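> need a structure here:
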Amino acid sequence: MPMQTSVFSDLVNSAFDLAAEQASAEEPHRIEVTLEGRRVQIRTPYPSPEDWRDQVIYFLMVDRFNNPSGPPHHQPFDGEHDAFQGGSLEGVREQLGYIKALGAGAIWLTPVLKNIPYEESVYHGYGIQDFLRIDPRFASDPAAARADPELAEKELRGLVDEAHARGLYVILDVVLNHAGNVFGYDLGPGRNNEAMADFREQGYQIRWHDERGGAGLADIAQAPENLSGDAAIWPRELQSNDFFRRQGKGGEGGGDFNTLKEFVTGGARVREILIRAYQYAIAKFDVDGFRIDTLKYVERDFARTFGNAMREYALSIGKRNFFTFGEVFDNEEKIAQFIGRDVGAVEEPIGVDAALDFPLFFELPKVLKASEPPSKIVAMFQHRKNVQRSLLSSHGEASSYFVTFLDNHDMHARFYFSDPGEPDRFDDQLTMAIACLYCLTGIPCLYYGTEQGLHGLGGIDLAVREALWGKAENPFDREHPFYKTIAQIAKVRSKQPALRYGRQFFRPLSGDQVHFEISRLRGGILAFSRILDNQEVLVVANTNTTQSFAGEVVIDMALHADNDKIERLFSNQAAPQDPSRVLTKAAGTVEIHAPNGTITNGPVRVVALSLKPMEVQILRKAR
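Got it, this is the predicted structure:
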């Protein structure tokens, strides 16, 4: 393995210089990409999207998505395998057309930087050993890429360039909180290379790992000049005991994630090195955004400094809307500490742009699976409004840019459940859920394999990390019913600006045509509108798995007239029932309980409709 270079070496500076030169040229710099036999020119650095809400994100694990060169290393493909399956960057590139046709506008890749080379359990990418190199195991020829690191770099850049040529943006998963298992704990005789230790305030003696994972380097303060690139940590500037907590396993208060060793991110030097390394990734690979892993475990001021540094560097090379969103696996109050800036705190930099929408995730799947009432969703959004009342993000209203999801690689079960006795019983539940996800405020994110019916379920996250390309039947089947329906929903979203930018209102409904309120029963009706200017799009979902619904839903009084025709843009049912024309309910004939607690008696305009179990309809006034 070639010896690594310094973070402030020519390796980094040359990438910065090239990106700056291309950005400052009088004419936009262009490169050519070959797509299915035709040559396409794209700008580089590639411009950011005007608004990230126009995108649907497709999230995939590089090791578990595709490898055109061979089957997964371990069988069955959907088993709980804590080792590399062989997915590659080239495998992702090969399926970019498939992802684009699904309706996605961006792909989010799990970390691709070089992980600990002597461990198979870092297939996920979060155990980084070198913050400047791409992991050779994700290359088409891992052995060749180990000898020549530029091979993996070229494949990543080729993937990004082709994604851009297809109109897809690329988001990299990045890690600030920790590195991989780069040293062992010295716990006494015979235990001088323990990967994990119990948390201890005063810290431990450590022994840095050599290129085989052994405790071959007792003190790295004076690293030998010929240190292997597979030993310790890189870039060289990170090779200091003082840059790691060395306190064993911990949680939010500090400490390792099992074998993943935590940085002292309160230190100015560690921050500088990590910021520089990730700016290099922008310059070198022309990526469009970062998802920041375990953001809640770094200091609030560092999260803000990092987000601002990525935004400003991207701006300097012409990427005017570089997107950062963090993983803050917590409540609204905790998330608000990391995103944007309180309008009264004028001295603080604006933090990361957005967050993964965990508060919505904590409620939405349960509501859609009929184990909680729709009123839970309404209450969640009302609480968010209160928490974010004085919060300003780089995009405006922060929650409009939260990345929403139904499941991901950290869960123990996918949203879709396939009953062994009746495999298709809950198919409509999945398509109903996707429609709601794509229509609610935020930037929707689809977890890979959902469109092919993957339904992992178990007691560990490995259960939902299937090697998709190992699926016996066509793993990238564009005729799969889920794939076709999801593409249809994405198309509706792309054609209705209100579903991307509109204000969101939850709608009272009635089964008796008199008493209207938000559904407070499990298996109830989730109804909401998105309004943009003079256009209202209404989304109504029957979460009940066995019972139909027939009733009326409130719509905007000012935007509709009595007897207006309502058209259906989408239903997940083969033979849906058409909605009624707009009806006006006279004052005094109804009792309407609004989400804010007020009660009125009309007049009000409504639309009557019927929904089968697990049916969703997307509606708007006919043009």
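> what's the closest residue to residue 288 other than its chain neighbours in contact with, if anything?
The shortest distance from residue 288 to any non-neighbouring residue, by C-beta to C-beta, 6 or more residues apart in numbering, is to residue 169 (4.0 Å). Glycine gets a C-beta too; all of them are placed from N, C-alpha and C. When contacts are counted by C-beta atoms under 8 Å, 6 or more residues apart in numbering, residue 169 touches 48-49, 55, 105-107, 163, 288-289.
> repeat that for 10 Å
Neighbouring residues of residue 169 by C-beta atoms under 10 Å, 6 or more residues apart in numbering: 46-49, 52, 55, 57, 104-108, 160, 163, 287-289, 321, 323.
> could you flag which of those are buried?
46-49, 52, 55, 57, 104-108, 160, 163, 287-289, 321, 323 (16 or more other C-beta atoms under 10 Å).
> out of those, which are inside helices?
160, 163 (DSSP state H).
> Where does residue 349 sit: helix, strand or coil?
coil (DSSP: H, G, I helix; E, B strand; the rest coil).
> neighbours around it, how many?
16 (other C-beta atoms under 10 Å).
> can you check residue 431 too?
Residue 431: 24 neighbours (other C-beta under 10 Å).
> Also residue 269?
The local packing of residue 269 (other C-beta under 10 Å) involves 13 other residues.
> That one against residue 8, yeah?
No. Using C-beta atoms under 10 Å, residue 269 makes no contact with residue 8, being 11.9 Å away.
> Check the contact lists of the two and give me the overlap.
Common contacts of residue 269 and residue 8, defined by C-beta under 10 Å, 6+ apart, comprise residue 237.
> Would you mind pulling up the elements that the one helix or strand residue 554 maps to packs against?
Assessed by DSSP states H and E, residue 554 sits inside strand 549-555. Other helices and strands packing on strand 549-555, by 3 or more C-beta pairs under 10 Å, 6 or more residues apart in numbering; DSSP states H and E, are strand 503-506, strand 509-510, strand 515-516, strand 525-532, strand 535-542, strand 583-585, strand 604-611, strand 616-621.
> The last one - what's its average pLDDT?
Mean pLDDT, taken over the full extent of strand 616-621, equals 98.
> tell me the angle of it relative to strand 549-555?
Angle of strand 616-621 versus strand 549-555, following axes from the mean of the first three to the mean of the last three C-alpha atoms, to 10 degrees, is 40 degrees.
> what separates strand 616-621 from the chain centre, distance-wise?
Averaging C-alpha positions (C-alpha atoms, centre = their mean, to the nearest Å) puts strand 616-621 27 Å from its chain's average.
> let's have the chain start at 16 instead
Yep, numbering from 16; the last one is strand 631-636 now.
> Listing partners with orientation, what would you give for it?
strand 550-557 (antiparallel), strand 581-586 (antiparallel) (DSSP bridges).
> got it, and the third one?
Paired strands of strand 530-531, with direction, are strand 606-608 (parallel) (DSSP bridges).
> I'd guessed residue 322 sits against residue 365; true?
Yes. At 7.1 Å, residue 322 and residue 365 qualify as touching, with contact defined as C-beta under 10 Å.
> So which of the two has more stuff around it?
Set residue 322 next to residue 365 and count neighbours by other C-beta under 10 Å: residue 322 wins out with 28 against 17.
> and the closest residue to the more buried one other than its chain neighbours, bridged to which residues?
Leaving out its chain neighbours, the residue that sits closest to residue 322 by C-beta to C-beta, 6+ apart is residue 367, at 3.7 Å. Residue 367 has the following beta-bridge partners by DSSP bridges: residue 354.
> and the helix or strand containing residue 459, what other elements does it pack with?
Under the criterion of DSSP H and E, residue 459 resides in strand 458-462. The contact analysis (3+ C-beta pairs under 10 Å, 6+ apart) places strand 458-462 against strand 72-75, strand 121-124, strand 338-341, strand 418-419, helix 442-454, helix 496-510.
> Torsion angles phi and psi at residue 33?
phi -70, psi -40 (degrees, to the nearest 10).
> That one and residue 44 touch, don't they?
Yes. Assessed by C-beta under 10 Å, residue 33 is found in contact with residue 44 at 9.5 Å.
> Now the common contact residues for those two.
Common neighbours of residue 33 and residue 44 (C-beta under 10 Å, 6+ apart) are 59-60.
> and residue 440, what does it touch?
Per C-beta under 10 Å, 6+ apart, neighbours of residue 440: 432-434, 560, 629.
> which SSE is it in?
Short version, using DSSP H and E: residue 440 is in no helix or strand.
> Can you give me the distance of it to residue 51?
The spacing between residue 440 and residue 51, counted by C-beta to C-beta, to the nearest Å, is 39 Å.
> Which parts of the stretch 216-365 of the chain are helices?
For the stretch 216-365 of the chain, the helices defined by DSSP state H, counting those that start in this stretch cover 283-300, 315-331, 347-351.
> tell me which residues in the first one are buried?
Read it as helix 283-300. 285-286, 288-300.
> tell me how far that helix is from the chain's mean position?
Taking C-alpha atoms, centre = their mean, the mean C-alpha location of helix 283-300 is offset from the chain mean by 21 Å.
> any idea of the mean pLDDT for that helix?
What helix 283-300 shows for mean pLDDT is 97.
> Could you list the domains of the chain?
In terms of domains, the chain is parsed into 61-192+281-510, 197-279, 515-636 (source: automatic domain parsing).
> By mean pLDDT, flag the weakest helix or strand of this structure.
Across the helices and strands of the chain, mean confidence by mean pLDDT, DSSP states H and E is lowest for strand 356-357: a mean of 63.
> So residue 55 sits against residue 48, correct?
Yes. When contacts are counted by C-beta under 10 Å, residue 55 is listed as touching residue 48 (5.1 Å).
> Could you tell me which residues touch both of those two?
Counting by C-beta under 10 Å, 6+ apart, the contacts common to residue 55 and residue 48 are 176-177, 179-181.
> burial of residue 306, as a residue count?
26.
> Give me the distance between it and residue 81.
Distance of residue 306 to residue 81, computed by C-beta to C-beta: 20 Å.
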